[in-house]
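Engineer: heads up, no residue letters with this:
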């Protein structure tokens, strides 16, 4: 037996005090398999040891929440006996090392999280962050990640309908790949992971186990250094075809009542799935590892327990239902093996070749996972930069072209055209708008889905940035006419052992908490990815937020496209001219400075509720929220989408460039017929909502008096060419 | 009228096709599993898009050898109309029901978007609702839609009115710029010699209502159902 | 008995993957590469199949499934 030395303990990422805790729990030295199990269970990825204290402060409840954080995914009620089940998860480190497979298996993993709970996935989204566009690795990573996401999602036949992509040098050495899946289930047929029923069979289904990705979970919890690329840990390879079969087989079995509990094998594979099931159910589990279907010969208990082979599930069946279940999995040509049983011992006992390979108490291992209150310092926030402190540009038209063709704003069509975003036949708002919208199959209802985060805001002021990320998803859903229901969060940060990083985390969470409370918009699922650092430099704090909202009548949906020339253009919300951290400042003046625009949640809610009601009443023909780049960028996007122009007459109480490019929050552009515009003005006045008529839709051109006159097609060309040009440029 | 949709492991447009046929026909088609050896009585066999058997080996190759395809080939030879979309088109070329083959897109990328197609040869059953030379809009979603046929076959396709659709622009111009995937002569869909099999890469079943962004697919299926009823 | 089947695209069939590899090699400075064609190798473990039976059997596998003779060539190598 391998002697457990200090080196081995350190290689497993356990600190001295954590190892002492192991010795205390066991009352003896662990063997290597047991140490491996502790190491993955207590890794940051599985235990949330640095983040738990703060995650607990997030609001997770609302009358429509059926299941909040802690299960495979969050569940919300969408009426008529149906539930939306969704979650976002990171696959950052694997995607940096092997972009195609890393991204593909990330997509596969999040879909399993959702269908494990009994839901058929109906939409995928991806929040991606890459390094600066001209970094030597960026194009390789973009092309691999996008191909991997498409390769998996397209094959599964689940539409990839939305997401976001940022480029910034803070991600040069640590890209972020956050995948989100939304699924649909019946509220009376949702599956959870708590094992129950002493003696019930523990069943393994799906692909066979190989030596892939051993220690993925610990890798995801350690910083990169220059050697990491050389180490190339065995990367998991995704098999979307098998997952498609697994999906169909699981849903077929779920239509019977044979399943007691089910859990997918994600990070830390068989270890975390079995421990979580036993811990949640307050029971023990005995596994005979000889019965685990294996792809390679001579695998040790250590390797079997830590393998991260994909497309596998663990379930507890009702007694006597094994044959029925087995027939279904065999029809789909998937492995099915009874590998153990539920016990009343409260212990996880693993045997192989007739010997006990591990014998661990479940509850102490799961519950006494270390929890840290890491020291943190509050981020110092710079003063705001108002419009009158920023020089006016020489030419408004050139400025608009620069912004529309910048990395932050240029069209992402090159990406989403590689994703099948229409399969399943219910995508009624395709990528490119504020949020994507998919119908609930066979009903009048639809779900709006989006992911958002503005990392540069979070870096400059974590609290405001955290609130803004939540508010922006809420706004994007609102702009389609949907009622926002709940969010999932994917918290991507640097090394939490550095107080300034921990301060970013604490700040973002605090901002998110306030926004969730103010907007009645709880967190129902999420994931934390820490240690996104290379050589001591962390990424921008990136709490990616995935939001979903419900449209009761899908035919009421609004889109961003101008519909007809001659309609009135209105702006909802106040423009004070907050230009700190704006894309304008970055692209035109080359500085990322100042405080991000302030977030007033009360105003956010009031303005959003106004827009949503107006959409429902049929008063609005198009709606678009203002975000990166500000008013003129949002307006240009509406013109591009509608192949129309605009003739503008803008307010003069703040400098024109500030009106056009400041990133003040809680604002929307809407269009309406002249008659309805009057109605909107009246109702806004009575509700105290700031609303201004600022122009008329027209043909071909964007025009502001004699100051600006620019052809929409010229704008389209810079907007649509930037990404294809970047990807096609010679190496 | 009765219709049948063939389902392979990895098919993923089977439901979409069912919805489109049902919308036009009023009743649902029979869904038949690849391992079955009998086809029900049917006026139309539809082979859906997707990634049958994961597209492993070659797209459509393994599905083409499945038990049900032997029956499909037999019925098709006896004159039963067959509509083979996307992966279905790949399956049809793999079985030899349709000439040529489908290779990886010239730009190596999966491509999903609406495309304009020029109707080349008239075939009342499949495109009777459209005028020869007009354009219709269906979406594509494929990685391997680059149609290949040798010169001799191309001559035959051209000479015998077997080319159904070509990739075009809105105005019906067909040139290199409108060739989204590298297909020879911009070919997007073809008929067999008898004109009872249509294979095409684009998905008419995806544009069957205004809410989805267009109705050319609905017009296509309405005509198909009318002509077969 | 084992067999190795090598499958390649026929001359005249566009091979975009081969072209992409060629471009990449040029990009890496391997200027001497004139052309790249890619294909696949399939290894078959034929169990107890005899030396006499194997060639015909593998031939049938190739024409029926492993290669698409519209676009692909194949060659078979029998290994003991």
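Structural biologist: Perfect, thanks for sending it. Just so we're clear, the structure is a prediction, and the values are computed from it rather than from any experiment.

Engineer: and the lowest-mean-pLDDT helix or strand in chain C, does that touch chain A?
Structural biologist: Lowest on mean pLDDT, DSSP states H and E among the helices and strands of chain C sits helix C:16-27, with a mean of 81. Yes. Counting by C-beta under 8 Å from any C-beta of the partner chain, chain A has neighbours in helix C:16-27: residue C:27. C-betas here are computed from N, CA, C, even on glycine.

Engineer: Need the residues that contact that helix.
Structural biologist: For helix C:16-27, contacts defined as C-beta atoms under 8 Å, 6 or more residues apart in numbering or on different chains pick out A:730-731, B:103-108, B:146, B:182, C:9, C:33, C:35-38.

Engineer: Repeat the analysis, applying 10 Å as the threshold.
Structural biologist: A:730-731, B:103-108, B:146, B:181-182, C:8-9, C:15, C:30-39 (C-beta atoms under 10 Å, 6 or more residues apart in numbering or on different chains).

Engineer: Among those, name the buried ones.
Structural biologist: Neighbour counting with 16 or more other C-beta atoms under 10 Å in any protein chain shown marks B:103-106, B:146, B:181-182, C:8-9, C:15, C:36, C:39 as buried within those.

Engineer: I'd say residue A:156 and residue A:240 touch.
Structural biologist: Yes. Using C-beta atoms under 10 Å, residue A:156 is in contact with residue A:240, at 5.3 Å.

Engineer: which residues do the two both contact?
Structural biologist: Here residue A:156 and residue A:240 share the contacting residues A:107-108, A:111, A:247, B:10, B:51, scored by C-beta under 10 Å, 6+ apart.

Engineer: and chain C, which of the residues you listed contact it?
Structural biologist: Among these, no residue sits close to chain C (C-beta under 10 Å from any C-beta of the partner chain).

Engineer: Which members of those are the farthest-apart pair?
Structural biologist: Greatest spatial distance among these (C-beta to C-beta): A:107 and B:10, at 16.4 Å.

Engineer: Return the subset of the contacts of helix C:16-27 lying in helices.
Structural biologist: Taking DSSP state H, every one of the contacts of helix C:16-27 sits outside helices.

Engineer: Quick one: classify residue B:27 as helix, strand or coil.
Structural biologist: Counting by DSSP: H, G, I helix; E, B strand; the rest coil, the backbone at residue B:27 sits in coil.

Engineer: Surely it is in contact with residue B:2?
Structural biologist: Yes. Counting by C-beta under 10 Å, residue B:27 touches residue B:2, with 8.0 Å between them.

Engineer: From chain C, how far out is residue A:202?
Structural biologist: Applying C-beta to the nearest C-beta, to the nearest Å, the value for residue A:202 to chain C is 33 Å.

Engineer: name the element the nearest residue to that residue once chain neighbours are set aside belongs to?
Structural biologist: Of all residues beyond its chain neighbours, the one nearest residue A:202 is residue A:340 (4.0 Å), with distances taken as C-beta to C-beta, 6 or more residues apart in numbering or on different chains. For residue A:340, the element it lies in under DSSP states H and E is strand A:335-343.

Engineer: Could you tell me which strands sit next to the very next helix or strand once past that strand in the sheet, and their orientation?
Structural biologist: Following strand A:335-343 in sequence order, the next helix or strand is strand A:347-352 (DSSP H and E). With DSSP bridges as the test, strand A:347-352 is paired with strand A:284-288 (parallel), strand A:355-361 (antiparallel).

Engineer: Residue A:642 and residue A:704, how far apart?
Structural biologist: For residue A:642, the distance to residue A:704 equals 18 Å [C-beta to C-beta, to the nearest Å].

Engineer: now do residue A:73
Structural biologist: Residue A:73 is 47 Å from residue A:704, where distance means C-beta to C-beta.

Engineer: Can you give me the neighbour number for whichever residue of chain B sits closest to chain C?
Structural biologist: Proximity of chain B to chain C (C-beta to the nearest C-beta) peaks at residue B:101, 4.5 Å away. For residue B:101, the count of nearby residues is 23 (other C-beta atoms under 10 Å in any protein chain shown).
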